[in-house]
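# Following is a predicted model, sequence given first.
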Amino acid sequence: MARVSDKSSSRKDIGFSLGKRDFGLTVTNVATPQRPVIAVPLPPEKEKYSVERNHVAWTSVRQERWEGELVVQGEIPLWLKGTYLRNGPGMWHIGDYNFRHLFDGYATLVKLHIENGRLIAGHRQIESEAYKAAKENKKLCYREFSEVPKPDNFLSYVGELASLFSGASLTDNANTGVVKLGDGRVVCLTETQKGSIIIDPDTLDTISRFEYSDTLGGLIHSAHPIVTESEFLTLLPDLVSPGYWVVRMEAGSNERKVIGRVNCRGGPAPGWVHSFPVTEHYVVVPEMSLRYCAQNLLRAEPTPLYKFEWHPDSKAFLHVMCKASGKIVASVEVPLYITFHFINAYEEKDEDGRLIAIIADCCEHNADTTILDKLRLNNLRSFNGQDVLPDARVGRFRIPFDGSEFGELEAALDPDEHGRGMDMCSINPAYLGKMYRYAYACGAKRPCNFPNTLTKLDLVGKKAKNWYEEGAVPSEPFFVARPGATEEDDGVVISIVSERNGEGFALLLDGSTFEEIARAKFPYGLPYGLHGCWVPKN
Ligand SMILES: CC(=O)/C=C/C=C(C)/C=C/C1=C(C)CCCC1(C)C
Ligand SMILES: CC(/C=C/C=O)=C\C=C\C=O
Ligand SMILES: [Fe+2]
């Protein structure tokens, strides 16, 4: 078993209790955790799929924060210097009250600081207003993805029902992703604009809310902006006059400026936009037929589609906007689709170098909305060996530039290559918006109820290579390129794995061979997390 050294045992314990269930948080001394690590014995073979209620992936993080050095098995390349940060909803209860959906949890940031082949890890809760209010009042005070405060405490805490429309009751629980802006600031994000929170990548301290200094307004945005050294691009859905504002914020600024606007072509509201892709010159604006729903926003009890509504009759579209002019240069109807995550996009040229189409790839759930409800915690916690994860594929859109009304959607490779599970993708960032070959994602080794493999996709060779360990739930494989690399897959892939026995480890795979190069055990398993970023050390 890996040893764990603790470099912060003198830190003061400022544990607190969220209601009756005591978290005993902020225990930084891992040698004497407040609760023993519960080593759940592996069930006998015949019962190996007995209901997994206590998988650490779906269990609230056991301490508010921890930091220490991990023992590394294998070898971390010496060129890898920096901090991997991963964000995600890691605390799913307030006292005895349990949240329902994976996306409801309060944000848990994890760091892996890597230097000279050594690894210092840590995790910490983000001090959003929503989290602090829950701690102080021992109850839900803001609207989360599916959770809504009960009228009495909601009214007493925030004031009035109209606060929904002003945004005052919406959460700022920045639990989806984390990005490093071109100016070095590190920001945690979710789908509400107020849930943009600057953190310190070394200490994981919450610094302040990221205030957008413009007057663009709106309450929500895409959870996945496109961030480069020079800019931050995002989409602001307009729920009043259905459409999307495409906006750009220069590195170093807090002011977003409008590039252009897309009006929706179908339905009563914009389609949900969790992410979107760009090419070198264009922004692709997806209009899914899973649309925001004002009625569902107001509901106290979630529906199986949460804040959304499925409108297949309203059709599905992809719009292409020129980044330089803001003009819409193509807008096509496409087959119905469901995606959280676009992978990448690029411009297709003919032999004379003329642009003939845009190719956009995503993790596509076969236009089946049930994936959203499959991510309910009760479902995730009740795996009993049944193969209940709906099929997904790498959906490849082709948007022709010849004035056609329709675009195409096909699987980019045989979905059986990755067990027909597909989500949580990354690419080599140097290939953003460009023709690319490789993507890394989570696939499925069936039977399963959640993606359980790390998968390297070769979109040219139409093959996938999968990493799998029984009972393991790995998070998004995140690619970090080797400085000076000339091959697309020359780098490492980082993931954090939660194990069935309550343990967990950081895992490094070689980006090219997809073989394990190192792993380092945490003192205790961490809950599942969503998206990460890399903060290089120069
Ligand atoms: C964790 C993740 O991937 C998504 C989180 C999404 C959230 C928190 C969405 C919140 C929303 C509301 C609280 C009301 C308005 C609609 C919507 C943006 C879905
Ligand atoms: C984890 C996930 C989907 C898994 C499906 O197979 C989606 C996460 C979305 C938010 O980031
Ligand atoms: Fe996401």
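Great, that's in hand. Keep in mind it's a predicted model, so treat the numbers as computed, not measured. Residues are numbered from 1 along each chain as shown. Ligands and ions are numbered 1, 2, ... in the order given.

# okay, CA-based contacts and neighbour counts for the rest of this
Noted.

# is it fair to say A57 lies in a strand?
No. Counting by DSSP: H, G, I helix; E, B strand; the rest coil, A57 is not found in a strand; it is helix.

# Return the residues of the stretch 1-150 of the chain in contact with ligand 1.
When proximity is defined as CA under 6 Å from any ligand atom, the stretch 1-150 of the chain approaches ligand 1 at 103, 143-145.

# er, the chain I mean
By CA under 6 Å from any ligand atom, the part of the chain that sits against ligand 1 consists of 103, 143-145, 170-171, 175-176, 190-192, 220, 307.

# State the distance from the residue located most distally from the centre of the chain to ligand 2.
In the chain, D352 marks the outermost C-alpha relative to the chain mean, sitting 39.1 Å out by CA atoms, centre = their mean. Computed as CA to the nearest ligand atom, to the nearest Å, the D352 to ligand 2 distance reads 39 Å.

# mind checking how far that residue is from ligand 1?
According to CA to the nearest ligand atom, D352 stands 42 Å off from ligand 1.

# which SS class is that residue?
Here D352 is recorded as coil under three-state DSSP.

# for N296, phi and psi?
Per-residue torsions, N296: phi -70, psi -30 (degrees, to the nearest 10).

# quick revisit: how about the residues of the stretch 1-150 of the chain next to ligand 1, which pair is most distant?
The distance between the two most remote of these (CA to CA) is 11.8 Å, for F103 and R143.

# Surely D313 is in a helix?
Yes. D313: assigned to a helix according to three-state DSSP.

# show me what contacts it?
Listed by CA atoms under 8 Å, 6 or more residues apart in numbering, the contact set of D313 reads 267, 289.

# residue in the stretch 301-450 of the chain nearest to ligand 1?
Closest approach of the stretch 301-450 of the chain to ligand 1 (CA to the nearest ligand atom) occurs at K307, with a separation of 5.4 Å.

# Look at the single nearest residue of the stretch 151-300 of the chain relative to ligand 2 and say how many residues are nearby.
Residue nearest to ligand 2 within the stretch 151-300 of the chain: T176 (5.7 Å; CA to the nearest ligand atom). Counted with other CA atoms under 10 Å, residues neighbouring T176 total 26.

# just the one 5 residues further on next, same as before
Under the neighbour criterion other CA under 10 Å, L181 is assigned a count of 20.

# Next up, phi/psi of it, please.
Per degrees, to the nearest 10, the backbone of L181 is at phi -70, psi 160.

# can you tell me which residues contact it?
Going by CA under 8 Å, 6+ apart, L181 touches 187, 227-229, 231-232, 251.

# Same check on G182?
Applying CA under 8 Å, 6+ apart, we find G182 in contact with 227-231, 251-252.

# For ligand 1, see how far away the closest residue to it other than its chain neighbours is.
Leaving out its chain neighbours, the residue that sits closest to G182 by CA to CA, 6 or more residues apart in numbering is E229, at 4.0 Å. With distances taken as CA to the nearest ligand atom, E229 is found 24 Å from ligand 1.

# go on, E499?
Distance, E499 to ligand 1, by CA to the nearest ligand atom: 21 Å.

# returning to what we had before: M422: which of the residues of the stretch 1-150 of the chain next to ligand 1 is nearest?
Checking these one by one against M422 (CA to CA), the nearest turns out to be F103, at 18.0 Å.

# mind checking the SS state of that closest one?
Under three-state DSSP, F103 comes out as helix.

# which residues does it contact?
Shown in contact with F103 (CA under 8 Å, 6+ apart): 89, 145-146, 175-176.

# Pick out the most distant pair among the residues you listed.
Farthest-apart pair in the contacts of F103 is S146 and T176; separation 14.4 Å (CA to CA).

# re earlier: and the contacts of F103, which of them are in helices?
Among these, DSSP state H puts none in helices.

# List just the nearest of these to K465.
Nearest to K465, judged by CA to CA, of the contacts of F103 is T176 at 26.7 Å.

# what bridges to L454?
C442, W467 (DSSP bridges).

# How about the one 4 residues further on?
The bridge-partner assignment for D458, based on DSSP bridges, gives Y438, K463.

# burial of it, as a residue count?
A count of neighbours around D458, defined by other CA under 10 Å, yields 17.

# Touching, it and Y438? I think so.
Yes. With contacts counted by CA atoms under 8 Å, D458 reaches Y438, the gap being 4.9 Å.

# Relative to ligand 1, which residue of the stretch 151-300 of the chain is the closest?
Here the stretch 151-300 of the chain gets closest to ligand 1 at one residue, T176, 4.3 Å apart by CA to the nearest ligand atom.

# Now do the same contact list for that residue.
By CA under 8 Å, 6+ apart, the contact list for T176 reads 87-89, 103, 107, 188-191, 223, 530-531.

# Swap in 6 Å and give it another go.
Counting by CA atoms under 6 Å, 6 or more residues apart in numbering, T176 makes contact with 88, 189-190.

# Columns pLDDT, neighbour count and distance to A411 on top of those residues, output as CSV?
Converted to CSV, these look like this (pLDDT from 0 to 100; neighbours: other CA atoms under 10 Å; distance: CA to CA, whole Å):
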residue, pLDDT, neighbour count, distance to A411
G88, 98, 30, 28
L189, 99, 29, 30
T190, 98, 27, 29
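
# Pull up the residues of the stretch 351-500 of the chain that are close to ligand 2.
By CA under 6 Å from any ligand atom, the residues of the stretch 351-500 of the chain that approach ligand 2 are 421-423, 450-451.

# I'd like to know which of those residues are buried.
With burial judged by 16 or more other CA atoms under 10 Å, the buried subset of these is 421-423, 450-451.

# In this structure, where is pLDDT below threshold?
By pLDDT under 70, the low-scoring segments of the chain are 1-50, 152-164.

# which ones are touching whatever residue of the stretch 301-450 of the chain ends up closest to ligand 2?
The nearest approach of the stretch 301-450 of the chain to ligand 2 comes at D423, 5.2 Å away (CA to the nearest ligand atom). Contact analysis of D423 by CA under 6 Å, 6+ apart lists 363, 441-442.

# which one of these has the most neighbours?
The most crowded member of these, judged by other CA under 10 Å, is C442 (29 neighbours).

# How much space separates it from P474?
From C442 across to P474, the span is 8 Å (CA to CA, to the nearest Å).

# what are the phi and psi values for L236?
With angles defined as degrees, to the nearest 10, L236 sits at phi -110, psi 110.
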